[in-house]
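>>> how would this look folded up:
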Amino acid sequence: MVKDPLASYTFALEIDGITAAFFKEGGGFDSSVEIIEHRENGKGGKEVIRKLPGRAKWSNITLKRGVTEAMDLWSWHKQVLDGDVAGARKNGSIVVYDTMYREVARFNFVNGWPSKWKGPDLNATNNQVAIEEIEIAHEGLVRKK
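Residues are numbered from 1 along each chain as shown. Modelled structure (predicted):
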């Protein structure tokens, strides 16, 4: 059975199993593996280059949402600013929902902490929603669903 691609307009940040916030935009859901080139001699002394997997790396997750009265993201980032990185480290998930708000995808991260918080750009001449942004550094990302 062929399934439709997932819509990406309804997703939330979950921290330690509790939904913290819904977001309008997100990115950084990727990983890569460094390449180690190993040179060796083959038959007749011909050089052979073998490519081996090295360290795995993950990008930081960036999330954007409309500013509300909620101080949760700022408070989490402030914990790091105050030097409590160990206390700020959280396991979490980015959960994608379908149009009926059923979970259809989940990206779990390990030991995440907010490395950057950005407040809204304010401009009285436009009528756009004020946006705040959080960047989460982490030690691994796995798609579970």
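>>> would you mind listing the buried residues in the lowest-mean-pLDDT helix or strand in the chain?
Every helix and strand of the chain was ranked by mean pLDDT, DSSP states H and E. The lowest is strand 18-23, at a mean of 82. Within strand 18-23, the residues scored as buried using 16 or more other CB atoms under 10 Å are Ala20, Ala21, Phe23. To be clear about C-beta, it is placed using only N, CA and C from the backbone, and glycine gets the same treatment.
>>> that one pairs with which strands, and in what direction?
On the basis of DSSP bridges, the sheet neighbours of strand 18-23 come out as strand 11-15 (antiparallel).
>>> about what we covered before: what's next to the least confident helix or strand of the chain, contact-wise?
When contacts are defined by CB atoms under 8 Å, 6 or more residues apart in numbering, strand 18-23 is touched by residues 10-14, 63-65, 70, 72-73, 92, 95.
>>> redo the residues you listed as JSON lines? Include distance to Ala86.
Converted to JSON lines, the contacts of strand 18-23 look like this (distance: CB to CB, whole Å):
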{"residue": "Thr10", "distance to Ala86": "33"}
{"residue": "Phe11", "distance to Ala86": "28"}
{"residue": "Ala12", "distance to Ala86": "25"}
{"residue": "Leu13", "distance to Ala86": "20"}
{"residue": "Glu14", "distance to Ala86": "21"}
{"residue": "Leu63", "distance to Ala86": "22"}
{"residue": "Lys64", "distance to Ala86": "27"}
{"residue": "Arg65", "distance to Ala86": "26"}
{"residue": "Ala70", "distance to Ala86": "24"}
{"residue": "Asp72", "distance to Ala86": "19"}
{"residue": "Leu73", "distance to Ala86": "19"}
{"residue": "Gly92", "distance to Ala86": "16"}
{"residue": "Val95", "distance to Ala86": "25"}
